[in-house]
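S.K.: Mind looking at a prediction? Sequence and model below.
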Amino acid sequence: MQPDAATLREQLAQIVAAEHVVADPAATIRFHVDGVTPSLLVRPGTQGELCRVLATCAAADAAVIPWGGGTAMGLGNRPRRADVVILLDRLDQIVEFDAANLCVTVEAGVKLAVLGATLAQRKEFLPLDPPVDAKATAGGLVAANLSGPSRLLYGTARDWVLGMRVALPNGDLIRCGGKVIKNVSGYDMNKLFIGSLGTLGTVAEVTFKLLPLPAARAGVVGFFRDPAQAAGVVARTLESVLLPEAMNLLDPE
């Protein structure tokens, strides 16, 4: 059953203020997922508002899609409905940066490029390099388990998340994990939400472990007659004492 969009819009405006709820089709069409266009866009400004928005949408039986940077919205099945898209761009605070203990806690809407620049000031980095890091967000990174070429050495998002706060579909806010590596005595609930594409809950906050920046980095470019020759070089490199951070095969373009 489709919710009453006008009533839902009024209810959401009471939570986040009217200027942060949009029903204009010219705006909502930009946030379609596989051709399914939402009726409303809402932009909570705090984790508390996010929870209240989710609870209100659940009470109205509205289908909700969380939206970070929008770089991985093509993943997963086509949604049957999309009544409300929750934009997380206002949840953009670096909550805590503990440089001494190599960890950082950020809200879901923090852009990875912004986070990377902040960490670099203390000569640390998060070793995840998904495409379009200027748009990708911390919450989207976790929800889609995004990674890039450096996963060859460093692994994926599952390897770098220490803890999370997740807003469940009914509006409850739960905490998984913590701020230290040894923080799980039972099921590691972080893993449940990493890669879930927002279907189990909306990531509100993430704590990542970090690494010191390498003293130096270098790239090597090779030109090959054909893919077979390139594959041979890759195989020999992986069998050697070298530990490459990433290896990419590029076409002539």
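M.R.: It's in.

S.K.: which residues does E124 contact?
M.R.: 99, 102, 210-213 (CB atoms under 8 Å, 6 or more residues apart in numbering). Bear in mind the C-beta positions are built from the backbone N, C-alpha and C, glycine included.

S.K.: is it in a bridge, and if so with what?
M.R.: Per DSSP bridges, the residues bridged to E124 are P212.

S.K.: what's the helix or strand of the chain with the lowest mean pLDDT in contact with?
M.R.: Within the chain, no helix or strand scores below helix 190-193, which has a mean of 89 by mean pLDDT, DSSP states H and E. Contact with helix 190-193 is made by 142-143, 158, 161-164, 166, 176-177, 200-201, 203, as judged by CB under 8 Å, 6+ apart.

S.K.: from those, which two are the most distant?
M.R.: Pairwise distances across the contacts of helix 190-193 (CB to CB) peak at 18.9 Å, for the pair L162 and L200.

S.K.: most distant residue from the middle of this structure?
M.R.: R225 (38.4 Å; CA atoms, centre = their mean).

S.K.: hang on, the earlier thing: out of L162 and L200, which sits in the more crowded spot?
M.R.: Neighbours were counted for L162 and for L200 using other CB atoms under 10 Å; L162 has more, 21 against 13.

S.K.: Burial check on the closest residue in space to L146 that isn't next to it in sequence, number of neighbours?
M.R.: Closest residue to L146 apart from its sequence neighbours, by CB to CB, 6 or more residues apart in numbering: P130 at 3.8 Å. Other residues near P130 come to 23 when the count uses other CB under 10 Å.

S.K.: Tell me the secondary structure at P130.
M.R.: Secondary structure, DSSP: H, G, I helix; E, B strand; the rest coil: P130 is coil.

S.K.: separation between it and G171?
M.R.: 29 Å (CB to CB, to the nearest Å).

S.K.: Beyond the helix or strand that contains P66, next helix or strand please.
M.R.: For P66, the host element (DSSP states H and E) is strand 64-67. Next helix or strand after strand 64-67 toward the C-terminus (DSSP H and E): strand 84-87.

S.K.: Quick one: list the elements packing against that next one.
M.R.: Packed against strand 84-87, as judged by 3 or more CB pairs under 8 Å, 6 or more residues apart in numbering; DSSP states H and E, are the following elements: strand 40-42, helix 47-59, strand 64-67.

S.K.: Who does that strand pair with, and is each partner parallel or antiparallel?
M.R.: strand 40-42 (parallel), strand 64-67 (parallel).

S.K.: Need those strands in JSON lines (columns: mean neighbour count, mean pLDDT and distance to A113).
M.R.: Converted to JSON lines, the strands paired with strand 84-87 look like this (neighbours: other CB atoms under 10 Å; pLDDT from 0 to 100; distance: least, CB to CB, whole Å):
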{"stretch": "strand 40-42", "mean neighbour count": "24", "mean pLDDT": "97", "distance to A113": "23"}
{"stretch": "strand 64-67", "mean neighbour count": "23", "mean pLDDT": "96", "distance to A113": "18"}
